[in-house]
Structure formats: C-alpha cells, structure tokens
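S.K.: generate a structure from the sequence data that follows.
(4 chains)
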4 protein chains.
Amino acid sequence: MSSQFQPKDPEYKARVGASFDEQTVMRLIGASLGRVEPGLVEIELPYRADLTQQDDFLHAGISSTIMDSACGYAAFSLMPAEARVLTIEFKINLLAPAAGELFRAVGKVRKPGRSVFVAESELHAIGSGEDKLVATMVGTLMALYPQ
Amino acid sequence: MSSQFQPKDPEYKARVGASFDEQTVMRLIGASLGRVEPGLVEIELPYRADLTQQDDFLHAGISSTIMDSACGYAAFSLMPAEARVLTIEFKINLLAPAAGELFRAVGKVRKPGRSVFVAESELHAIGSGEDKLVATMVGTLMALYPQ
Amino acid sequence: MSSQFQPKDPEYKARVGASFDEQTVMRLIGASLGRVEPGLVEIELPYRADLTQQDDFLHAGISSTIMDSACGYAAFSLMPAEARVLTIEFKINLLAPAAGELFRAVGKVRKPGRSVFVAESELHAIGSGEDKLVATMVGTLMALYPQ
Amino acid sequence: MSSQFQPKDPEYKARVGASFDEQTVMRLIGASLGRVEPGLVEIELPYRADLTQQDDFLHAGISSTIMDSACGYAAFSLMPAEARVLTIEFKINLLAPAAGELFRAVGKVRKPGRSVFVAESELHAIGSGEDKLVATMVGTLMALYPQ
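M.R.: Residues are numbered from 1 along each chain as shown, chains lettered A, B, ... in the order given. Below is the predicted model of the structure:
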C-alpha cells in the first residue's frame, strides 16, 4: 500500500462505499466511486448536458459536489469505525472551464486529526486524449463521535 | 427600488432570467429563480430526497450550486449588457445541517468592479415555521468582455 | 447591551483584554483593543510606514493580523472561562487598497458552537473624513477545553 | 532550470528582489527573500518573541504576511516587466501550531494567466532538527497593466 496513512478501521473501503451509496445525489448526477485508499478517494462523473451552467460547462456546484465528497471520504477513510464525517467549510478555485467527457475528483487528506481533518481535492477534466486540471479545493472536515 | 446599486443594463432582469434558464442543472435539481434586483438575486430549491448526502441533508455541493449561481447572477445583474460572468473562486461555511422543506439562496454583491466582483450568499432552510441560516458563501466573480 | 449573544463568562472583557495583551505582535505593529462586547471585538491600528507592501498600502498580512484577532476574540468572548481559542482557517477578500490613517477591524461571531465558531470581520480604512470598507474575512475558530 | 514555467521577463529575479525590498513590513518582522525561480518564491523568517499570539506561537497574521508575499512574488516572477501584482483574496489553513526557530514560506504558481493567477504556499516550521508543515495557503492574484 503506497499511502502514507494507516487506516484506523480495516474495513474502511466498505465503510466509504456504503456511505457513498447513501448519497442519493450521486445517483442523480451519475457519479461513481473510484479508487479508495487510506486518505485518498476518487469520484468520477461522466459529462452530461443536464449538469451545466449557461456556457455548457459543468456547473461549479456540481464540481463541488464530487470534490467535497472526495475530500470527505478521504478523511472518512482514516476515521475510526464509530465516527461520522461532516464538512465544515471548503474553498474551490476554478482554474479553467470544466469541459470534458469525464471528470475525476481526487481527494487527499493533507492533515489528519482526532476531530479536525484538512483535505484537498483536484478536479481533472478528461477528454480528447487530454487530462486537464480544472479546479482545486481545500476543505475542513470534522469527525463526530457518538456521545 | 431599495438597492444601493444602479444597473448598467436596464434589461438586467431579463438577461439574468435568460441565463438562468440556460443552466440545465437548475432544472435537474428543481431550482427556480426568485427575486432579482440590482446586485441581489435569490434562488429557491424545494427539498428532494435525491439531492442528499448520507444523513439525508442537502449535499453541500447542491447548496453550493444555488449559492454560487445566486452570487454569480447578483454580480451579473450589475454588469453591462455585453459582459459574461465567470466564477473564479468561492468559499462556503456550513453552519448547520441543511434540513428543511425549502432552501433559499440569497446572493448579494459586496463589491462591484469593472472586471472583479465580490459577492456573498446566505442559504436559508425553511420548514416547520422556521427560517434558519445554514450556510454562508463568499465568492469572486469576473466580468468577461468581448475582445 | 445590544448584542444578540449572552456571554458564558461574565468576566469576558477582562479575559479578552488579558489575552490581547499577551499577543506581542500587537505591540510591535501598534494595534490596540477597541470595543469588546459579547461576540463582537474591534481592534484598531494607526497607519505606519513600516507596515506596508510595495505600493505603500497596509500589507494584507498585517490586515489579516488584526482581522484574525478580531474574529478570534469575538469568538473567545462567548467561550466559557476555561476555554482557549484557536484559529483553524480563514479567508480574506481584499476589496480596495488598504490606504488610510487608521484601520479598524470589526470582528463578529456569525455562528457560535461548543467547539466550532464561525466569525467574520470587516476592515475599515479611516482617513480624510472617510470610512471605507477595504477587506472582509471569514474564519473558523475552535474552543479548546482542558482535558 | 527545473521550473515548469518560462519567465516573460528575463530580469524577473531582480524585479522580485526590488519589490520585496519595498515591502517595509518585511524589515519590521525580520523576513528575507530566499529562493526565487520562475513561479516559485521562498521567504524566510526567524522566530522572534515579538511576533506571537497569546500562546507564544507565530501569529497567523504574520504567517499570512510571508505566505501571501511568497504567493504574490511567485506570480509576479512570471509576469511581464510592465505588470504590477495585487492579491485579491487568499485562504489559509493552520494545520499545527507555528512553533520553531525558522519559518519558511514556499510559494508556487498553480495556474498562471494573463490577468488572474492562482498560487499556493506552504509554511514550514524548522527547529530541533525537524521541518514541519504548519500551514497552507491558496490565493488569487491579479496582474495589473499600465493603461
């Protein structure tokens, strides 16, 4: 395993997958879970004409949807089995128009903690033989524990 | 008109409405344009079970979708007729779970410019007779002019 | 008292003042504590030629210094006596050049919590009979409790 | 030269150095310019007891001061000779207490443009044989051209 992080829950992949399946919005937009490693999660989204803003690019909110979940599940993959994950804030920079056939959000934990995690994600637009970085996100996530 | 801003294009409402109609993602999620004034735009979104994250709250990316467009159109409402609008970055703080029957994003221009606008939006969750602030956003928008 | 917040510690003013006095950087730059109310703190900084960037405006980092402390102490004013305060992240938007004779950072709590607070601050540049908003900040603060 | 970027102005190092020397705040806090490459700038700051917040760590605003300038000069290093640089916004995440003997801000351009640049910086705290990442920043910079 190439990751620098050790998962606290050996069942982290199943736990991430089960939670992802409960995110109904992912089915609505057609997103699917990709690679899941300790502290790293990918989400893929094929382009669809009903996900766009006024210039036919992926809407920044849809980019945010998969990038936020990629950050959140990257953090969640490192949390103990009893924890829940909550995004408390994120910032996105839109570097280029989100044009492509497939979008891949790659989320990585930058700093794990007991309760506060900082994660980053990149959004890649893939198409016409190109893989282009179109957005970056940094977010802060909380682990919530049963009282 | 109560706004502190003077629109440069008297047809700003029609221009905002026409652009909003081209955002196909708004139809997908069921969002509609509300109040449009110079420098202020509201977008409303009824709760739907297919827009949620794993705890049945509105996904932060969907909150971002209507909040970003509220910021963007608030800025766009002040731009001259020939300009296009582009979000270059935004930050969202999630203050409380996005639970309610109706969500209203209220976007307001904080600082207009020729090319750079700063706008803010609030997300209100309305339900059970309550109107609760659940998220805040600040974003930077660019006006793009024909060369 | 006009504030919407009730302080948990009746000695909040003294506690804020004592902590501010321990911020050695405030003496270095010449900043002083202004108004302190529950959830609201002001910090003032007279212009000095040794606080600037290359165009003789207040450096954005110095603006951040007083705006971050204004946010932090606004949050701290609402915390119980045993808590410490820690900034976990902030974002600043620079709306106009920070030119003036006096700068006033006004920090306000937007959302209090037991452990997570969201606060905002505005930076006003005062001079030549004008009071101009030159920057806005939103930050996330944590309350840390003795174990 | 290992950089992925080509400078537009062959005199970029001298231009960055001259501008840095005009940032009076750098002398006040004791910061100095380190490595300058196309799209990459480092700024170093030895710890001083008069730069701290209430717990004797470097104040987040002082961290921001050198990180913002590192981002700004990384962008400036890629701009044509006639351009000026302006920060329009940044976000900082504080990952760990800023404790150490020396702080190094490493700024890198993530996305250059004609007028809009996105840059990132990391803050490393060095001491006791350790080099620790204590903060990350992402910022948006503008190139301003003579009219």
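
S.K.: and the average pLDDT for stretch A:115-124 is what?
M.R.: Across stretch A:115-124, pLDDT averages out at 98.

S.K.: buried ones in it?
M.R.: Neighbour-count burial for stretch A:115-124, with 16 or more other CB atoms under 10 Å in any protein chain shown as criterion, is recorded at A:Val116, A:Phe117, A:Val118, A:Ala119, A:Glu120, A:Ser121, A:Glu122, A:Leu123, A:His124. Quick note: C-beta positions are derived from backbone N, CA and C, even for glycine.

S.K.: does it come close to chain B?
M.R.: No: contact of stretch A:115-124 with chain B (CB under 8 Å from any CB of the partner chain) is absent, the minimum separation being 11.6 Å.

S.K.: quick one: that stretch to chain centroid distance?
M.R.: The chain centroid and the centroid of stretch A:115-124 are separated by 8 Å under CA atoms, centre = their mean, to the nearest Å.

S.K.: restricting to C-alpha, output that stretch in CSV.
M.R.: Taking Å, rounded to 0.1, in the frame of the first residue of the first chain, the C-alpha atoms of stretch A:115-124 are listed here in CSV:
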residue,chain,number,x,y,z
SER,A,115,-11.6,15.7,15.3
VAL,A,116,-10.4,18.1,12.6
PHE,A,117,-9.1,17.0,9.2
VAL,A,118,-7.8,19.2,6.3
ALA,A,119,-8.2,17.6,2.9
GLU,A,120,-7.6,18.8,-0.7
SER,A,121,-9.1,17.7,-4.0
GLU,A,122,-8.3,18.3,-7.6
LEU,A,123,-10.7,18.1,-10.4
HIS,A,124,-9.5,16.7,-13.7
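
S.K.: SS state for A:Ala74?
M.R.: Local secondary structure at A:Ala74 is given as helix here, using DSSP: H, G, I helix; E, B strand; the rest coil.

S.K.: which residue, other than its chain neighbours, is closest to it?
M.R.: In space, A:Ala74 comes closest to A:Gly107 once its chain neighbours are excluded; the distance is 4.0 Å by CB to CB, 6 or more residues apart in numbering or on different chains.

S.K.: got any ranges where chain A has weak pLDDT?
M.R.: Low-confidence regions of chain A, defined by pLDDT under 70, span residues A:1-3.

S.K.: so which residues on it come close to chain C?
M.R.: Within chain A, the residues that sit near chain C (CB under 8 Å from any CB) are A:Ile88, A:Glu89, A:Lys91, A:Ser115, A:Val116, A:Val118, A:Thr140, A:Met142.

S.K.: quick check: the two most widely separated of these?
M.R.: Taking CB to CB as the measure, the residues of chain A next to chain C span a maximum distance of 20.2 Å, between A:Lys91 and A:Ser115.

S.K.: just the buried residues of stretch A:115-124 now: which is nearest chain D?
M.R.: Minimum separation from chain D among the buried residues of stretch A:115-124 (CB to the nearest CB) is found for A:Val118, which lies at 5.1 Å.

S.K.: interface residues of chain A facing chain D?
M.R.: Counting by CB under 8 Å from any CB, the residues of chain A close to chain D are A:Lys91, A:Asn93, A:Leu95, A:Ala96, A:Arg110, A:Lys111, A:Val118, A:Leu133, A:Thr136, A:Val138, A:Thr140.
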